[in-house]
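**Q** Using only what follows, build the 3D model:
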Amino acid sequence: MSDPQLKIGVDVPWVSSWSSEALAAVSRCPSVDGAPAVGQQQSPGQGEPLYARNHLFRQRRSVREMLCPMCGEPTHDGDRWSQTARWTTAGAVRAKGLGGWLPADLADDKPLLDAGAIAPLHRACAERSLALCPHLHHMADQELKAFPGAWIVIPLTIQAKPRIAVGTLPKTVAVVSFLQLIGVPNHST
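**A** This is a model prediction of the structure:
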């Protein structure tokens, strides 16, 4: 049973899943320009919040549209902050097999801010999250990092089996689950 006192965007991040939001079939999804993606039912506020689980569709929207994962509102240049992003290099991203998404002109030693599947937040939302979220509170790195003005979105895929095996169709197909976000400092878009 849900707690009517919990407010989405204040007490529960907008991007969080709720216990009522079961996974759904793979379908073409507007959050990834109509590509096949894993679906999930949408009924935010119903059931119990699953704080540690991002809702698939809301996560993809937050990354594509630069929506704050806490409040769900658009973020803007100068007010995009990451709590969980880690500094890496283009070479390290390439070593993970994701180099095909990086511009060819990025040197391997180019610093990048890997936000993973978490879009940047408004500073006020990030500070509120750091103050209230036990998971974030226990992270060793508490520094809020300004998110760069240029970024790369990488679709993360999983293999799904079609419901019906048909002649020449592949036994599994790649479908989008989440989107990964990588900030590119000092790079023009």
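
**Q** CA only for contacts and neighbour counts going forward, please
**A** OK.

**Q** wait, is residue 182 part of a helix?
**A** No: using DSSP: H, G, I helix; E, B strand; the rest coil, the secondary structure at residue 182 is strand, not a helix.

**Q** Ranking helices and strands of this protein by mean pLDDT, which lands last?
**A** Sorting the helices and strands of the chain by mean pLDDT, DSSP states H and E puts helix 134-137 at the bottom, at a mean of 78.

**Q** so how far is the helix or strand that comes right after it off the chain centroid?
**A** Counting by DSSP states H and E, the next helix or strand C-terminal to helix 134-137 is strand 145-146. The chain centre lies 17 Å from the centre of strand 145-146; the measure is CA atoms, centre = their mean, to the nearest Å.

**Q** ok so, going back, name the helices or strands packed onto the least confident helix or strand of the chain?
**A** With contacts taken as 3 or more CA pairs under 8 Å, 6 or more residues apart in numbering; DSSP states H and E, helix 134-137 sits against helix 123-132.

**Q** Report the buried residues of the helix it packs on.
**A** Of the residues in helix 123-132, 123, 125-126, 129-130 count as buried by neighbour count, 16 or more other CA atoms under 10 Å.

**Q** Which strands and helices lie in contact with that helix?
**A** strand 81-82, helix 134-137.

**Q** Throw these into JSON lines and include mean neighbour count and distance to residue 34, thanks.
**A** What follows is these, written out as JSON lines (neighbours: other CA atoms under 10 Å; distance: least, CA to CA, whole Å):
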{"stretch": "strand 81-82", "mean neighbour count": "23", "distance to residue 34": "28"}
{"stretch": "helix 134-137", "mean neighbour count": "12", "distance to residue 34": "34"}
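
**Q** would you list these in JSON lines and tack on distance to residue 143?
**A** Listed next are the helices and strands packed on helix 123-132 as JSON lines, based on distance: least, CA to CA, whole Å:
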{"stretch": "strand 81-82", "distance to residue 143": "9"}
{"stretch": "helix 134-137", "distance to residue 143": "11"}
